[in-house]
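In: Starting from these lines, generate the structure:
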Amino acid sequence: MYETCEAIVMRTVDYGETNKIVTLFTREWGKVAAMARGAKKPSSRLSAVTQPLCYGRYVVRRSRGVGVLQQGELIDSMRMLREDLFAAAYAAYLVELTDKGTEEQKSNPHLFALLLQTLRYMSEGRDAEILTFIYEMKMLSVLGVPPLLDRCARCGATVGRFSFSIKEAGFLCHRCEAADPHRLPLSPASVRLLRLFSRFDLSRLGAVSVKASTRAELKAVLSAYYEEYTGLTLKTKRFLAQIDELRDKLGPSGGQGEPFSL
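Out: Reported below is the predicted structural model:
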């Protein structure tokens, strides 16, 4: 039986001379794979709707393995995400993170909405790096390893100066920081943003800038935490690191998009 779904194209794999196996992240069923027959042909009606990052409505016959994609209708091609090198790198990373961090055919409408909103903001030219930080923070709850951010991981203090401890999986206050000589220093701005990113409603995104030093602290915490607790190895993460180096060479405006506010 064929069913209609709303989906983002996560990835495609060529199959034979003319076909593709398309992995869709759907609002209704979670992640599903489907055969798109003839989709490699430029003249195929499935060619345009099976490009990575496309968002649309699809008619699929599901199965326990690979289903069949019968037709699709584009809602948003996310064209800018494929044409801008920086945006494409961040978008590819978020899609791979979602792919590796979710199970087949396990519905998560909230995560679907979060990914779609994040990709759309990136497509509009919003700050891709900050959007990635927000998504990474929220994805930690999906992965089942959220850090402790509302208090000190050792004594429970809610006020004071804080650093981040990978060992303790959360904040350490200034009174307990000696417990982890490898703790990561944080400015008050980084403490506030980490807390905010974990619970922030992305649909309320507005416009403010984040200093380079704060970005560096956020990146250090998230990179180290993901490496320690998620067990995920992502090809796009390495490419993103190379893109970040290129952006830094281009200066403050390189690949950072529009400022935002919370």
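In: distance between stretch 42-54 and the chain's centre?
Out: Using Cα atoms, centre = their mean, to the nearest Å, we find the averaged C-alpha position of stretch 42-54 to lie 23 Å away from the chain's own average C-alpha position.
In: what's the closest non-adjacent residue to E96?
Out: In this structure, E96 finds its nearest non-sequential neighbour in T236, 4.6 Å apart by Cβ to Cβ, 6 or more residues apart in numbering. (Each C-beta comes from the backbone N, C-alpha and C, glycine too.)
In: Just the element for the one you found, please.
Out: Secondary-structure assignment from DSSP states H and E places T236 in helix 235-250.
In: Then E136?
Out: Short version: E136 belongs to helix 128-142, going by DSSP H and E.
In: Run through the helices of the stretch 101-250 of the chain in chain order.
Out: 109-123, 128-142, 188-199, 212-229, 235-250 (DSSP state H, counting those that start in this stretch).
In: Which of the ones you listed has the highest mean neighbour count?
Out: Here the criterion is mean neighbour count by mean count of other Cβ atoms under 10 Å, and of those the winner is helix 128-142, at a mean of 21.
In: Number of residues surrounding C173?
Out: For C173, the number of neighbouring residues by other Cβ atoms under 10 Å comes to 19.
In: cool, L186 as well?
Out: Taking other Cβ under 10 Å as the criterion, the count of residues near L186 is 22.
In: What of D14?
Out: 11.
In: That one falls within a strand, correct?
Out: Yes - with the criterion set as DSSP: H, G, I helix; E, B strand; the rest coil, the secondary structure at D14 is a strand.
In: Hmm, it is touching K40, no?
Out: Yes - using Cβ atoms under 8 Å, D14 is in contact with K40, at 6.4 Å.
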